[in-house]
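> quick one: sequence plus predicted model below, questions after.
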Amino acid sequence: MEIIILPDPNAVARTAADIIQARLEKGRTVLGLATGSTPLGTYEELIRRHCDAGLSFADAEAFTLDEYLGLPPDHPESYRSVIRREFTDNVDLRDTAVHSIDGQAKDPEAEATRFDTAIQAAGGVDIQILGIGTDGHIGFNEPMSSLASRTRIKTLTKQTRLDNARFFPSLDDVPYHVLTQGLGTIREARHLLLIGLGQAKARAVAAAAEGPVTAACPASALQLHPHATVLIDTPAASQLEQTDYYRYAHANKPAWQAY
Ligand SMILES: N[C@@H]1[C@@H](O)[C@H](O)[C@@H](COP(=O)(O)O)O[C@@H]1O
């Protein structure tokens, strides 16, 4: 796991965009896209590079991480809508190449299996962007999610419903259930790029990076991945113990070594 501490969210967004741009420039790329406020700066930076510098997503495909169960696909807070509004509609990524989970599928379990199969049929995810919940969740894999889990139905914790209530008219409108890529599914992506911003994420970031590998902190599953990059700002790094080493390793990163 490479942990990169940057001074502010803009620097994090630029570095994340550099990593994604470098992958896009290699050819066909399958992106894994997270929702939430954390990746928005990265998406804005990618949109800017598309508009100002011609960065193209024409050869890319994308898979979202998760979806609220029961929300109609065109609901403004469905992750299908959010990812299109915040990112993919603003670049040259074909709409048919943006794959979302159907939160209103008649058979949600079959929908979960369909989604895992579609990821595999696309050749797997090249770069999976991840945020992190205050309880250490990634996607909607709440604490005690199996580290081997596949895409499936989960029940949100009270804390996650409270955290996400800001996107809905009231807490009562936040669904209790979701469909989320599992930790096993996420770990099949070839490169995991976890972004953490702000003091509120410091405890979860420290548990994920320096705590034990445990279902109690789903993001600690990144420790099992051969290619995981953690991009954080200074407040999100404030509870890490090994910051001197992370800064030193980053400052002395060999020029030939890609992210
Ligand atoms: N399912 C999403 C996660 O993918 C996201 O990482 C998390 C953190 O959100 P934010 O980035 O807004 O803090 O929120 C939601 O629960």
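Received it, and whenever you're ready, just let me know what you need. Bear in mind that the values here come from a model prediction, so they are computed numbers and not experimental data.

> flag every residue of the chain that's near the ligand.
34-38, 65-66, 131-133, 139-140, 160, 164 (Cβ under 6 Å from any ligand atom). Backbone N, C-alpha and C define where each C-beta goes, glycine included.

> just the buried residues of those.
The neighbour-count test (16 or more other Cβ atoms under 10 Å) marks 34-36, 38, 65-66, 131-133, 139-140, 160, 164 as buried among these.

> what pLDDT does whichever residue of the stretch 101-250 of the chain sits closest to the ligand get?
Using Cβ to the nearest ligand atom, residue 131 is the residue of the stretch 101-250 of the chain that sits closest to the ligand, at 2.5 Å. pLDDT for residue 131: 98.

> among the buried ones among the residues of the chain next to the ligand, which are in strands?
Those of those mapping onto strands are residue 66, per DSSP state E.

> okay, now the nearest residue to residue 216 once chain neighbours are set aside: neighbour count?
Nearest non-adjacent residue to residue 216, counting by Cβ to Cβ, 6 or more residues apart in numbering: residue 143, 5.2 Å away. Neighbour count for residue 143, taken as other Cβ atoms under 10 Å: 16.

> picking that back up, let's see which of the buried ones among the residues of the chain next to the ligand end up in helices.
In this view, these that belong to helices under DSSP state H are 160, 164.

> would you turn the buried ones among the residues of the chain next to the ligand into JSON lines with distance to residue 256?
As requested, those are arranged in JSON lines below (distance: Cβ to Cβ, whole Å):
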{"residue": "34", "distance to residue 256": "29"}
{"residue": "35", "distance to residue 256": "34"}
{"residue": "36", "distance to residue 256": "34"}
{"residue": "38", "distance to residue 256": "30"}
{"residue": "65", "distance to residue 256": "32"}
{"residue": "66", "distance to residue 256": "36"}
{"residue": "131", "distance to residue 256": "30"}
{"residue": "132", "distance to residue 256": "30"}
{"residue": "133", "distance to residue 256": "35"}
{"residue": "139", "distance to residue 256": "33"}
{"residue": "140", "distance to residue 256": "38"}
{"residue": "160", "distance to residue 256": "41"}
{"residue": "164", "distance to residue 256": "42"}
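
> looking at the residues of the chain next to the ligand, which is nearest residue 221?
Closest to residue 221 out of these is residue 139 (10.6 Å), distances taken as Cβ to Cβ.

> which ones are touching the closest one?
Contact analysis of residue 139 by Cβ atoms under 8 Å, 6 or more residues apart in numbering lists 34, 65-66, 130, 180-183, 186.

> now with 6 Å?
The neighbourhood of residue 139, defined by Cβ atoms under 6 Å, 6 or more residues apart in numbering, consists of 65-66, 180-181.

> any chance of those in a markdown table, plus pLDDT?
Below are the contacts of residue 139 laid out as a markdown table (pLDDT from 0 to 100):
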| residue | pLDDT |
| --- | --- |
| 65 | 98 |
| 66 | 98 |
| 180 | 98 |
| 181 | 98 |
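
> what does whichever strand or helix holds residue 21 contact?
Element membership for residue 21, per DSSP states H and E: helix 9-24. Residues from elsewhere that reach helix 9-24, judged by Cβ under 6 Å, 6+ apart: 6, 29, 41-42, 45-46, 55, 126-127, 197, 231, 233, 259.

> now that helix: buried residues?
Buried, per 16+ other Cβ under 10 Å, within helix 9-24: 9, 11-17, 19-20, 23-24.

> of the residues you listed, closest to residue 100?
residue 20 (19.1 Å).

> model confidence for the residue nearest to residue 200 when sequence neighbours are not counted, exactly?
Spatial nearest neighbour of residue 200, excluding adjacent residues (Cβ to Cβ, 6+ apart): residue 134 at 5.8 Å. Note on residue 134: pLDDT of 91.

> separation between residue 134 and residue 203?
Distance of residue 134 to residue 203, given as Cβ to Cβ, to the nearest Å: 8 Å.
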